[in-house]
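Undergrad: Sharing a model prediction with you, sequence too.
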Amino acid sequence: MKLEVKFYNEVNDKDLKFAVIMARYDGKWIFCKHKERETYEIPGGHRELDETILDTAKREFQEETGAIEFEIDKIEFFNNIPINLTYPEIQPYLYNKAIEIKGIN
């Protein structure tokens, strides 16, 4: 089954179930490695009840890049998207869209 990724210019906040955050630090892309996997993923996660999607993004980014007692084993910084991805059907689309929107590489 091939996964389809779509991008929208506008969407109702209530329709969003999870957030992913393409972020850079010191000119490099931030990817996380979960303790139970050997692959990398974009920071993000599921929305909690009565949480705005912006609050979801803030919370997930903090949990996955700045907290100690969570499921992330480590974060690493990459010049480009890593080859060993947890979700290779989705993450390259998100990475390419972030580059397109921001005009960066």
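TA: That came in fine, so what should we check first?
Undergrad: quick check: longest helix of the chain.
TA: helix 53-66 (DSSP state H).
Undergrad: tell me what that one is packed against?
TA: Counting contacts by 3 or more CB pairs under 8 Å, 6 or more residues apart in numbering; DSSP states H and E, helix 53-66 packs against strand 18-20, strand 28-34, strand 44-46, strand 72-78. C-beta here means a position set from N, CA and C on the backbone, and glycine is covered the same way.
Undergrad: Show me which residues of the first one are buried.
TA: Neighbour-count burial for strand 18-20, with 16 or more other CB atoms under 10 Å as criterion, is recorded at 19, 20.
Undergrad: mean confidence for that strand?
TA: Mean pLDDT, strand 18-20: 92.
Undergrad: strands paired with the helix or strand just after that strand, and their directions?
TA: As assigned by DSSP states H and E, the chain's next helix or strand after strand 18-20 is strand 24-25. Next to strand 24-25 in the sheet, as set by DSSP bridges, lie strand 28-34 (antiparallel).
Undergrad: roughly how far is the strand it pairs with from the heart of the chain?
TA: 8 Å (CA atoms, centre = their mean, to the nearest Å).
Undergrad: coming back round to it: residue 84 is nearest to which of the helices and strands packed on helix 53-66?
TA: strand 28-34 (8.9 Å; CB to CB).
Undergrad: tilt between the closest one and strand 72-78?
TA: What separates the directions of strand 28-34 and strand 72-78 is an angle of 160 degrees, with axes from the mean of the first three to the mean of the last three CA atoms, to 10 degrees.
Undergrad: What is the next helix or strand after strand 28-34 packed up against?
TA: Remark: after strand 28-34, the chain's next helix or strand is strand 40-41, criterion DSSP H and E. Counting by 3+ CB pairs under 8 Å, 6+ apart, the packing neighbours recorded for strand 40-41 are strand 28-34.
Undergrad: relative to helix 53-66, how tilted is the strand it packs on?
TA: Using the same axes, to 10 degrees: strand 28-34 against helix 53-66 is 80 degrees.
Undergrad: all numbers from here: first residue = 58
TA: Noted, 58 is the first residue going forward, which turns the last one into strand 85-91.
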